[in-house]
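[1] have a look at this prediction, sequence included:
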Amino acid sequence: MTKISLQFFAVFVLWCSNSLYACAGATLYARLGGNAGVASICNTLIDRVATDPILGRSFKDSKLSRIKHLLAEQICELSGGPCRYSGDSMKEVHAGHQISEAEFFQMVDMLRQVLKEYHTDLGTINQLLKLLAPMKRDIVEHRTRVVK
């Protein structure tokens, strides 16, 4: 093997060790555990968020089973699964909740923790977060300051 071939092989092996399923061609949906895995991740996340002293305010008086189902649908669709998200737009769902950027990132951190607990590799976590990140603009409400 030439020096370039060895370097390419070493980089490929390192990449594969970070995401074994990706090398086998598995979809993000499959790497998240398919329908059962996505549902379980969403159930755990919403249970934690709903009981969090800060984030829980947005879930007060909400039907958590519906939120879990719709989040699972959304992640299933985004990750290449067979589902189709049937809920309202993120802007409509979060309107009036006054969700701050700090709260948004706190929920992202909770999602990361849940995914790690489900033994999700870093490449899969990052791929999912990359798909979810554009929703921030529709979820976070920037409060306008009144200048006197």
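    Okay, I see it.

[2] which other helices and strands does the host helix or strand of residue 124 contact?
    For residue 124, the host element (DSSP states H and E) is helix 122-132. Using 3 or more C-beta pairs under 8 Å, 6 or more residues apart in numbering; DSSP states H and E, the elements in contact with helix 122-132 are helix 20-23, helix 28-31, helix 64-78, helix 101-117. C-beta coordinates here come from the backbone N, C-alpha and C atoms, glycine included.

[3] and residue 96, how far is that from residue 139?
    12 Å (C-beta to C-beta, to the nearest Å).

[4] try residue 122
    Counting by C-beta to C-beta, the gap from residue 122 to residue 139 is 24 Å.

[5] same deal with residue 31?
    For residue 31, the distance to residue 139 - C-beta to C-beta - is 25 Å.

[6] and those two? which has more neighbours close in?
    Of the pair residue 31 and residue 139, residue 31 is the one with more neighbours under other C-beta atoms under 10 Å, namely 23 against 19.

[7] what sits against residue 114?
    41, 44, 45, 48 (C-beta atoms under 8 Å, 6 or more residues apart in numbering).

[8] number of nearby residues for residue 116?
    Residue 116, neighbours per other C-beta under 10 Å, totals 12.

[9] check contacts around the residue nearest to it when sequence neighbours are not counted.
    Computed as C-beta to C-beta, 6 or more residues apart in numbering, the closest residue to residue 116 that is not its neighbour in sequence is residue 125, at 7.4 Å. Listed by C-beta under 8 Å, 6+ apart, the contact partners of residue 125 are 112, 115, 116.

[10] next one, pLDDT for the residue nearest to the first one when sequence neighbours are not counted please.
    The one in question is residue 112. Excluding its sequence neighbours, the residue lying closest to residue 112 (C-beta to C-beta, 6+ apart) is residue 125, at 6.2 Å. We have a pLDDT of 97 for residue 125.

[11] do the same with the one 4 residues further on
    According to the predicted model, the pLDDT of residue 129 comes to 96.

[12] these two touch, right, it and residue 108?
    Yes: using C-beta atoms under 8 Å, residue 129 and residue 108 qualify as a contacting pair, with a distance of 6.8 Å.
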